[in-house]
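# Sequence first, then the predicted structure, then my questions.
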Amino acid sequence: MNSRQLLKIGVPEYCLKTAKTAIQNKVAEEKVNGKGSGAGKVRGKALKELVQAVVAQPEAFLEDLSFRQLALELIEDNREEVFEPIDYQVWGKEGIDEGAFSQMDLACHVPSARGAALMPDAHLGYGLPIGGVLALEDAVIPYAVGVDIACRMKLSVLDISVDALDQKPHQFVDALNRGTVFGVGAAHEKRQYHGVMDQDWTVSKVTREKKDRAWKQLGSSGSGNHFVEFGVLTFTEADAELGLEAGEYVALLSHSGSRGAGAAVCSTYSSIAQARLHKRHHKLGRLAWLEMDSEAGQEYWAAMNLMGEYAAANHAVIHQNVSEILGSKVVSGVENHHNFAWKEEHDGKEFYVHRKGATPAAAGELGVIPGSMADPAFVVRGKGNPASLNSASHGAGRCMSRNKAKDKYRWKAVRNDLAKRGITVISAGADEVPGVYKNIMEVMAEQQDLVDIVARFNPKVVKMCGDGSRAED
DNA sequence: ATGTAC
C-alpha cells in the first residue's frame, strides 16, 4: 500500500513509515507461516481491512508481532496530554475582542510555548491573533508569523521642503501613481531589479518555483491594509541617531510585505506542519508547528528569512522609484518587519520569538507604528519590556470587520471629507477608512511602557488598493 | 493577504 492509500484509511502522516514497515513485516510473517499451504496470505482488500482495524482499535494489536509498533504510536497519539499552559500579559485589554483572547489562550497550549504577550491592537487572525507574540523553544509556527511573511514598514525622510506638499500636490500624487502598483497579483509593467534576486532562491522548492513571480512583483504593494503615502514628519526634539534636528520634514511611508511568494511559503509549510499534528493536538489547527531540527523546519526558516530580505527589497524599490520621480534624496529613515520570527535570547535562553502584527521593541530599537489613512503614524524607540518579549503594537488595530465597514461607509463621502481636512487619498476602499480602526492615540497611551514616541507623521497624500468596481478610484 | 485548484 502506498502513502496516499494509507492516509485515506486514516493512518496519520507521521505514522506512515511505521505503518509501511508493519505491513512489510506482516506480509513476510504470513509467508513464513503459510509456507507450502499457499493459504492465508494477507494482501489487497484483506490487508487494507487489517490496517483499518489497527487504526480503529490499536489496543487489540499490542500482542501482534508486526503491528505492535504501529499500535503503540497510535495509542500514544490518542492519549490526552495534561500540562499547564503558559500565561501571557495583555496591553489595552478593554479594546480587544474575545476571539483574539481565545486564540492567544490556545497558543499558550502549544507544547513548546515558553513566553507570550498580546499587544493593544490585537484582533482575530488565522492561528495566532494579529498582535500576538509567541516565544517557542526549538519550533516555528508558520501561522504565528503570518501569511504575509515580513509584512513591514519603511519610512524615508526626504530633502524636500514641507511647503511643496501644498504647493505642488500633483507631483506627489504622480510619484505615488508611477512609483508602485496595487492589487492582488499586481506586478510592474517593467521588471524591477534588486540584489535580492541574486540570492539563493533554491533554499526550498516553493521559493525556487515562485522566484519568477516574486521578481515580477518586486516593487509592488498588494492590497488590504497596504499603503504608500507622503506626510509631514515632526520631531519636537533633535534625534542624534537619525541625524535630524527638531522640525518638520516630508517623509515617505510604506506598508507591505512579501506578496505572493511569502503567502505561498506560509501555506506550503503550514500544510506540512498540520499534516504532522498529532491527533491529541488537532484543536491547535493552524497553530501547527515545525520542529527546528526537522528538514521542513530548517527549510521554512531559510525561506522565511529570504522572504524577509525580499520584502525589504520590495520597499527599497518602491522608495527608490518614488523618490527618484520626485527628484529628491533620502536623508534618513526607519524600517522594521512586523510579521516575522527571530531567534532571540530571553531570560538567558534561546527562543524563536514570533511577532505577528507586533513591532520589535528591544531597548533602543527604532520602529514605525502607523495609525490609519488619516491618523498619525509614530516613529518609536523600544523600551525593552521583558513582559512583552520586547514588542509593541504594529498599528491601531481594526475595530470593525471589512464587511461591516462596506455597509456602514460610502467611500466617496469619506474621501471628500478627508479632502476637506487636507488629506488627498488617491485610491482606497470603505474597508480601510479611519473609522474601522481604533483610536491610535489611545493605543499609544496603552503601550507607554513598551515604546517612547520619537516623532509623529501626519499623512497628506495616500495611496491604497482601490476597489476596481468603483469608477472614482 | 494572496491567488488558484485533488
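All right, it came through fine. All figures in this text were calculated on a predicted structure; none of them were measured in a lab. Residues are numbered from 1 along each chain as shown, chains lettered A, B, ... in the order given.
# And the helices in chain A?
All helices of chain A, identified by DSSP state H, fall at A:3-8, A:16-33, A:44-56, A:68-78, A:98-107, A:142-145, A:163-167, A:169-179, A:205-217, A:259-276, A:295-326, A:402-408, A:411-420, A:440-446.
# Out of the ones you listed, which is the most enclosed?
helix A:142-145 (a mean of 29; mean count of other Cβ atoms under 10 Å). (Glycine included, C-beta is placed from N, CA and C.)
# who are the neighbours in contact with whichever residue of the stretch 101-250 of chain A sits closest to DNA strand B?
As assessed by Cβ to the nearest atom of the strand, DNA strand B sits closest to A:Gly224 within the stretch 101-250 of chain A, at 1.6 Å. Applying Cβ atoms under 8 Å, 6 or more residues apart in numbering to A:Gly224 gives the contacts A:Cys465.
# Close to DNA strand B: what parts of chain A are there?
A:126, A:147-148, A:151, A:184-186, A:213, A:217, A:222-226, A:256-257, A:259-260, A:263-264 (Cβ under 7 Å from any atom of the strand).
# I'd like to know which of those residues are part of strands.
Assigned to strands by DSSP state E, the following of those qualify: A:Ser256.
# for chain A, which spans come out with low pLDDT?
By pLDDT under 70, the low-scoring segments of chain A are A:34-43, A:468-473.
# Need phi/psi at the spatially most central residue of it.
The centroid of chain A falls nearest to A:Gly146 when counting by Cα atoms, centre = their mean (2.2 Å). Dihedral angles of A:Gly146 (phi, psi; degrees, to the nearest 10) stand at phi 110, psi 160.
# Now do the contacts for the closest residue to it other than its chain neighbours.
In space, and not counting its chain neighbours, A:Gly146 is closest to A:Asn339: 3.9 Å by Cβ to Cβ, 6 or more residues apart in numbering. By Cβ under 8 Å, 6+ apart, the contact set of A:Asn339 is A:145-146, A:148-152, A:257, A:355-357.
# could these go into TSV alongside distance to A:Pro120?
Putting the contacts of A:Asn339 into TSV (distance: Cβ to Cβ, whole Å) gives the following:
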residue	distance to A:Pro120
A:Val145	20
A:Gly146	18
A:Asp148	21
A:Ile149	23
A:Ala150	22
A:Cys151	18
A:Arg152	20
A:Gly257	22
A:Arg355	14
A:Lys356	15
A:Gly357	11
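# quick one: A:Ile369 from A:Arg456, how far?
11 Å (Cβ to Cβ, to the nearest Å).
# Just want to know which of those two has more residues nearby.
Using other Cβ atoms under 10 Å as the criterion, A:Ile369 and A:Arg456 rank with A:Ile369 on top: 28 against 17.
# Which strand runs longest in chain A?
Longest strand in chain A, counting by DSSP E: strand A:451-464.
# Can you list the buried residues in that one?
Residues of strand A:451-464 classed as buried by neighbour count (16 or more other Cβ atoms under 10 Å): A:451, A:454-464.
# Return the member of these nearest to A:Asn2.
Proximity of the buried residues of strand A:451-464 to A:Asn2 was ranked by Cβ to Cβ; the top entry is A:Met464 with 48.5 Å.
# Please list all residues in contact with the closest one.
A:182, A:225-227, A:373, A:425, A:427-429, A:432.
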